[in-house]
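Q: sequence and computational prediction follow.
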Amino acid sequence: MKFDVIHQERYSRGQLLLRAFFGFLYIAMPHFFLLLFVGIAAQVITFIAFWVILFTGSYPESLFEFQVKVMHWNQRVQARLIHLADGYPPFGFDVDDPAVVLEVSYPERLSRGHALLKVLLGWLYCGIPHYFVLFFLLMAGSIVQFIAFWVVLFTAEYPKGMHSFNVGVMRWGLRVQLYLGLMTDDYPPFSLDPEEEKPQNLPPDASPSPSTAA
């Protein structure tokens, strides 16, 4: 998975204030109203995909792409509501939003055993430990967002370290969502760092070439 919210050189103070006071009205309400119904469809698709994986060992590609597009839509809205990006998040699935990047590699094969394990015990060995940590990360993120708001208001610049931290928290949550949503068999790492992402479709004994090892 590749996820990022592009850090801008300059941020709009006017958009910052508009989102802070009226973002719930003109961003959150219309988007989350639609995403409520889209989310119901996504849950139904997850249920269908479970049985398909159980019998075939693969996630139907068209359904997989739909789920990724739903995630992208959610992240576009979240990025604006917490002031990580300027501009209005576009509605829909096949839209261009250069501010928010989400790419998820389609897995050709998925483990039937993993699918059963995630459905029956995923909440225990993945959900509880990850969401416990994410609870505190989100609390820290709220403090960071508050500080960053005032920095942007007075300087029009979002401190890059603060921006990276909040993007990292979003990335962590997405990794957990992908795993519990049966879209990957890779257990989500306890990390904010994008470098922790595992390379896709490499043989077990693959190793970096001398030219890339440096």
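A: Nice, thanks for sending it over. This is a predicted model, so every value here is computed, not measured.

Q: can you show me the strands along this structure?
A: Remark: strands assigned in the chain by DSSP state E are 2-5, 100-103.

Q: and for the closest residue to residue 160 other than its chain neighbours, the neighbour number?
A: Spatial nearest neighbour of residue 160, chain neighbours left out: residue 7 (5.8 Å); criterion: CB to CB, 6 or more residues apart in numbering. Quick note: C-beta positions are derived from backbone N, CA and C, even for glycine. If you count neighbours by other CB atoms under 10 Å, residue 7 ends up with 16.

Q: quick one: residues contacting residue 7.
A: Shown in contact with residue 7 (CB atoms under 8 Å, 6 or more residues apart in numbering): 158, 160, 163, 164.

Q: one more time with 7 Å, if that's ok
A: 158, 160, 163 (CB atoms under 7 Å, 6 or more residues apart in numbering).

Q: also residue 81?
A: So residue 81 contacts 19, 23, 27, 28 (CB under 7 Å, 6+ apart).

Q: separation between residue 126 and residue 27?
A: Distance from residue 126 to residue 27, counting by CB to CB, to the nearest Å: 31 Å.

Q: can you map out the helices along this protein?
A: For the chain, helices defined by DSSP state H occupy the ranges 13-23, 29-56, 61-81, 112-122, 128-155, 160-180, 210-213.

Q: out of those helices, the one nearest residue 3 is which?
A: helix 160-180 (4.7 Å; CB to CB).

Q: which of the helices and strands in this protein ranks last by mean pLDDT?
A: helix 210-213 (a mean of 39; mean pLDDT, DSSP states H and E).

Q: can you pull the contacts of the most centrally placed residue in the chain?
A: Of all residues in the chain, the one closest to the mean position by CA atoms, centre = their mean is residue 174, 3.5 Å from it. Contacts for residue 174 (CB under 7 Å, 6+ apart) come out as 1, 3, 71.

Q: quick one: low-confidence ranges for the chain?
A: Applying pLDDT under 70 to the chain flags residues 195-214.
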